[in-house]
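# sharing a model that was predicted from the sequence below.
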Amino acid sequence: MKRNYVYFLFTYLLAFIVSSCDTDIEPEVIQAENVYDEEYYQNLREYKKSDHAICYGFYAGYTSEASPSPGLHFTGLPDSLDIISLWSGIPSNNPAYVETSKYNERYLPTAYEEMNYIRKVKGTRIVMCTICRIGNTEFPKTDAGIEAYALHLVRCVLRNDLDGLDLDYEPEGDWLQNDNFTKFIKVLGQYLGPQSGTGKLLIVDFFSQIPPKDTEPYVDYFVRQCYTSSSARSLQGSYDGLSSWCPPEKFVAVEQMGWYWQNGGVKFTESDGNTVDSWGNPLYSVIGMARWNPTQGRKGGFGGYYFEYEYNTTRPANQGIGDTESKAIPYYSFRRGIQEQNPAGKPIRESTKQESEEESDNN
């Protein structure tokens, strides 16, 4: 009995001491993953099948499978992102597939499941990306070597059931350029691209050296690395170099978002002198690319390289550069850029209340 009394007194005193201390702790805010009904996802898939300017992204963050950050998972990407180019190998759930690097595969079972989830549920298309040079391969520099190399890349796409192929055309003196590259594209075009009838995409991305014009009928999109483009005039010049043979709806302009994840590019000025977006925030190049169209007609789309870095942006809540809003939006440039580029896509967006409170909608 005495022991119980002493224990009670000690407990009472301890409770009094604790209650007298300043123990106010701010509650941890954990944002739950958004969940939508099938109608939302059906509308999303139909939107992506429609004739519209796309959002295109080179993505490498999926290799950090253990990370809790949505920025490093396919399922955390903006819903309305149309095409993802795999910049860090092909995720696979089959260990036997990754015994060698011949097919550019990596054993990433979580990424594999998430990748196929967004393909099936959200209608996002996933393409393999490779730097297109024959000099560092086992294939000979002959017409037979061109065909063998092309068929090898087709097998990479088909055995992983991907949605297509993105060729990074930066030959830098490699033999596979000019007429040889055209031959290469014509072989690929039998299995991928608009001439194949397979529904698989064939995409060419490039920086300074423009692909041969005779490749156009076989290619779905020409993605130009318009890095540090600060104006509509600059973008127009980037397109004019191939406008005589490339329809504007096949031209996609992309920014190096890994360099500019904090602001979403470089300061951007439109043809009429405008320097703000539709929300009154300063205009930077990623959203500038989304808003821009060449004088020849509607462009194919906009996008970014290493765009996953922008998951951690502080925009549009960076008053230091003149932002007018107070809450940051992960993937700010992509989400707002999609809305700027395709305002007709707004019916598939999440609720206005959620957008105004969190701006966490995945458009």
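Alright, I've got the coordinates.
# ok, residue 334 to residue 223 distance?
Distance of residue 334 to residue 223, given as CB to CB, to the nearest Å: 15 Å. Backbone N, C-alpha and C define where each C-beta goes, glycine included.
# can you map out the helices along the stretch 251-363 of the chain?
285-291, 332-341, 352-358 (DSSP state H, counting those that start in this stretch).
# any chance of JSON lines for the ones you listed, columns mean neighbour count and distance to residue 48?
Formatted as JSON lines, the helices of the stretch 251-363 of the chain follow (neighbours: other CB atoms under 10 Å; distance: least, CB to CB, whole Å):
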{"stretch": "helix 285-291", "mean neighbour count": "28", "distance to residue 48": "16"}
{"stretch": "helix 332-341", "mean neighbour count": "26", "distance to residue 48": "11"}
{"stretch": "helix 352-358", "mean neighbour count": "12", "distance to residue 48": "20"}
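# save the ones you listed as CSV, and put in distance to residue 44 and mean pLDDT too.
Putting the helices of the stretch 251-363 of the chain into CSV (distance: least, CB to CB, whole Å; pLDDT from 0 to 100) gives the following:
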stretch, distance to residue 44, mean pLDDT
helix 285-291, 18, 98
helix 332-341, 12, 97
helix 352-358, 16, 33
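# now those as TSV including distance to residue 179?
As requested, those are exported to TSV (distance: least, CB to CB, whole Å):
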stretch	distance to residue 179
helix 285-291	31
helix 332-341	35
helix 352-358	51
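# which one of these lies closest to residue 188?
With CB to CB as the measure, helix 285-291 is the member of these nearest residue 188 (27.2 Å).
# can you give me the strands in the stretch 101-250 of the chain?
With DSSP state E, counting those that start in this stretch as the definition, the stretch 101-250 of the chain shows strands at residue ranges 105-107, 125-131, 164-169, 201-206, 221-225.
# wait, which of the ones you listed is closest to residue 313?
strand 221-225 (20.7 Å).
# parallel or antiparallel, which strands does that closest one pair with?
Strand 221-225 has the following sheet partners, assigned by DSSP bridges: strand 201-206 (parallel), strand 251-256 (parallel).
# which among the ones you listed is found nearest to residue 116?
Nearest of those (CB to CB): strand 201-206, 16.7 Å.
# pull the CA atoms of the closest one into CSV?
C-alpha atoms of strand 201-206 as CSV (Å, rounded to 0.1, in the frame of the first residue of the first chain):
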residue,chain,number,x,y,z
LEU,A,201,6.3,6.0,-81.1
LEU,A,202,9.6,7.0,-82.9
ILE,A,203,11.0,10.2,-81.5
VAL,A,204,14.3,12.1,-82.4
ASP,A,205,15.6,14.6,-79.9
PHE,A,206,18.5,16.8,-80.7
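# which non-adjacent residue is nearest residue 297?
residue 248 (4.2 Å; CB to CB, 6 or more residues apart in numbering).
# what's in contact with stretch 266-286?
In this structure, residues lying in contact with stretch 266-286 by CB atoms under 8 Å, 6 or more residues apart in numbering are 226, 228-233, 255, 257, 260, 263-265, 287-288, 291-292, 302, 304, 315-316, 321-325, 333-334, 336-337, 339-340.
# may I see the PyMOL selection of the buried members of those?
This is how PyMOL selects the buried members of those, with burial counted by 16 or more other CB atoms under 10 Å:
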select buried, resi 226+229+231+232+255+257+260+263+264+265+287+288+291+292+302+304+315+316+323+325+333+334+336+337+339+340
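# which residues sit in contact with residue 195?
So residue 195 contacts 189, 217, 218 (CB under 8 Å, 6+ apart).
# oh, that last question was meant for residue 179, not what I typed.
residue 212.
# okay, now residue 94: neighbour count?
12 (other CB atoms under 10 Å).
# local confidence estimate at it?
Residue 94 carries a pLDDT value of 87.
# show me what the closest residue to it other than its chain neighbours bridges to in the sheet.
Leaving aside its chain neighbours, residue 94 sits nearest to residue 107 (7.7 Å; criterion: CB to CB, 6+ apart). Listed beta-bridge partners, residue 107: residue 92 (assigned using DSSP bridges).
# how many residues are close by residue 107?
Neighbour number of residue 107 under other CB under 10 Å is 16.
# just use 254 as the starting number from now, easier for me
Okay, using 254 as the starting number, the last item reads as residue 360.
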